[in-house]
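Novice: here are the coordinates; sequence isn't available:
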Ligand SMILES: [Zn+2]
Ligand SMILES: [Zn+2]
């Protein structure tokens, strides 16, 4: 199966190095992020494995405009007819398919090596229209209610999404990762803002956390954020 259940009603579809997610709802399903260019077929195959046609997806939520998250937005929109949501700071990048802002590597020798190997922001992806701009604290009428939390340290237009069901499910985007345990993403536009973002996220109530990169945390996720980032910000 290309698709893995995180909690009932939430599925993770790993497309290469990045995770995308589906949230089920009677009012139309939501897809969170779309992977690198060329990922749409794998996402559609996963939707078919769940017994749904592409048109079941009514909303595409983009956590931020990096090529590994918006790369297949245009193709996914064409296949599903869904409307796209992204923060206003990143909407022009998604609409143009280019203009990615530079980042700096996060702390750590290995992170620096991986950053230089894998982070490519000088590319162009297929542009796609954006129907809705998400602001901090906005409650979206999707999947019974989903709150956008602006976390701009990794990318100025990055938004995490909190779904209050099942004890709270946080879609943390690239605010951090869970590749080799809970830790930094490879890069940040502002690491200082990134630290503030992680304190901000840890103050919310959520049992489960999903990441753009790495495995979901399935229990006590908010507490793990608080433990990890309280220590990190003291270093
Ligand atoms: Zn990113
Ligand atoms: Zn990413």
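Specialist: Happy to help now that I have it. Note that the coordinates shown come from a computational prediction; the quantities given were computed from them, not determined experimentally. Ligands and ions are numbered 1, 2, ... in the order given.

Novice: up against ligand 2, what does this structure have?
Specialist: 68, 174, 212 (CB under 5 Å from the ion). To be clear about C-beta, it is placed using only N, CA and C from the backbone, and glycine gets the same treatment.

Novice: now intersect the residues you listed with the helices, please.
Specialist: Counting by DSSP state H, the members of these that fall within helices are residue 68.

Novice: keep only the residues of the chain next to ligand 2 that also lie close to ligand 1.
Specialist: Contacts with ligand 1 are made by residue 174 out of the residues of the chain next to ligand 2, judged by CB under 5 Å from the ion.

Novice: what does the chain have sitting close to ligand 1?
Specialist: So the chain meets ligand 1 at 66, 174 (CB under 5 Å from the ion).

Novice: so where's the protein shaky on pLDDT?
Specialist: 1, 231-235 (pLDDT under 70).

Novice: re the thing from before, list just the nearest of the residues of the chain next to ligand 2 to residue 142.
Specialist: If you rank the residues of the chain next to ligand 2 by distance to residue 142 using CB to CB, residue 212 comes first, at 18.9 Å.

Novice: excluding chain neighbours, what is closest to that closest one?
Specialist: residue 174 (4.5 Å; CB to CB, 6 or more residues apart in numbering).

Novice: dump the residue contacts of that neighbour.
Specialist: 63, 64, 66, 69, 154, 155, 158, 185, 211, 212, 213 (CB atoms under 8 Å, 6 or more residues apart in numbering).

Novice: any idea which of these is the one closest to ligand 2?
Specialist: Nearest to ligand 2 among the contacts of residue 174: residue 212, at 4.1 Å, using CB to the ion.

Novice: report the buried residues of whichever helix in the chain runs longest.
Specialist: For the chain, the helix that runs over the most residues, judged by DSSP H, is helix 221-234. Going by neighbour count (16 or more other CB atoms under 10 Å), the buried part of helix 221-234 is 221, 222, 224, 225, 226, 228, 229, 232.

Novice: now do the contacts for the closest residue in space to the second one that isn't next to it in sequence.
Specialist: Leaving out its chain neighbours, the residue that sits closest to residue 222 by CB to CB, 6+ apart is residue 206, at 4.9 Å. Listed by CB under 8 Å, 6+ apart, the contact partners of residue 206 are 162, 167, 168, 169, 170, 221, 222.

Novice: now residue 44
Specialist: Going by CB under 8 Å, 6+ apart, residue 44 touches 54, 76, 79.

Novice: residue 42 is in contact with the last one, correct?
Specialist: If I follow you right, that is residue 79. No - the pair residue 79 and residue 42 does not pass the contact test of CB atoms under 8 Å, sitting 11.8 Å apart.
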